[in-house]
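Undergrad: Attaching a predicted model along with its sequence, questions to come.
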Amino acid sequence: MITIIDYGMGNLGSIKNMLKKVGVNSEITADHERLSQAKKLILPGVGAFDAGMMRLKASGLIEILNQKVVHQKTPILGICLGMHLMTGGSEEGTLPGLGWVQARTIRFAPPVGSNLKVPHMGWNVVNPCKSSALMKEAEAEQRFYFVHSYYVHCENSGDALLHAKYGNSFDAAFEVGNVMGVQFHPEKSHKFGMRILRNFAESY
């Protein structure tokens, strides 16, 4: 069972449906008791950084999530904004993030003279930085669907799991112990996203 955290921001139904396709049971909840019993967590997110942190605070979820993730070492996967919220903060806002990973969230600044637009939107290839159960049985070329104007920069290069390129190289995923984050949307990434979610369910 995977518990999808409901704090009012994210494609919760789409994630649940994709998990169902790969044979994984899941629930969507903001209930503190249910979250305290969770074996694996997904922190989704679509929207602005400060709005996400304010929603987490207003729902009273920060304390229980810190208990689960930091102290109990419960595996957690952040998706898009959920990944950003795991960092120390974002150029998009002024509030501090959860701080589970030594990283910052930065706005794209395409090279001068390029035709690249922000947000970065569409399919893009990723390259592995290290081995991980999250990427086991991966094909030679991995493609995922991205929609974002901000990206994560890990302070420790060893924390980065995947790189992608949009003008410049950026961290498309990280893995630090039980804390994982992906910039792309696995629920929109067809077979590639299905494999990521299945691996998260089966390998941690």
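TA: Ah, there it is. Just so it is clear, the model here is predicted, and its values are computed rather than measured.
Undergrad: tell me the SS of Thr94?
TA: Of the three states, Thr94 takes coil under DSSP: H, G, I helix; E, B strand; the rest coil.
Undergrad: Now it: closest residue in space, sequence neighbours ignored.
TA: Sequence neighbours aside, Asp50 is the residue nearest to Thr94 in space, at 6.5 Å (criterion: C-beta to C-beta, 6 or more residues apart in numbering). Yep, even glycine has a C-beta here, placed from its N, CA and C like the rest.
Undergrad: any idea which helix or strand carries that neighbour?
TA: helix 49-58 (DSSP states H and E).
Undergrad: residue boundaries of the helices in the protein?
TA: 12-21, 32-36, 49-58, 61-66, 81-85, 190-203 (DSSP state H).
Undergrad: Most tightly packed of those helices?
TA: Most buried of the helices of the chain, by mean neighbour count (mean count of other C-beta atoms under 10 Å): helix 81-85, with a mean of 27.
Undergrad: what's that helix packed up against?
TA: Counting contacts by 3 or more C-beta pairs under 8 Å, 6 or more residues apart in numbering; DSSP states H and E, helix 81-85 is packed against strand 41-43, helix 49-58, strand 150-154, strand 179-182.
Undergrad: In TSV: the ones you listed, plus mean pLDDT and distance to Leu85.
TA: As requested, the helices and strands packed on helix 81-85 are arranged in TSV below (pLDDT from 0 to 100; distance: least, C-beta to C-beta, whole Å):
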stretch	mean pLDDT	distance to Leu85
strand 41-43	98	7
helix 49-58	97	5
strand 150-154	97	10
strand 179-182	98	9
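Undergrad: which residues does Glu187 contact?
TA: Going by C-beta atoms under 8 Å, 6 or more residues apart in numbering, Glu187 touches Asn11, Ser14, Ile15, Asn17, Met18, Ile79, Gly193, Leu197.
Undergrad: circling back to that earlier point, the residue nearest to Thr94 is in contact with Leu95, isn't it?
TA: Yes: with contacts counted by C-beta atoms under 8 Å, Asp50 reaches Leu95, the gap being 4.9 Å.
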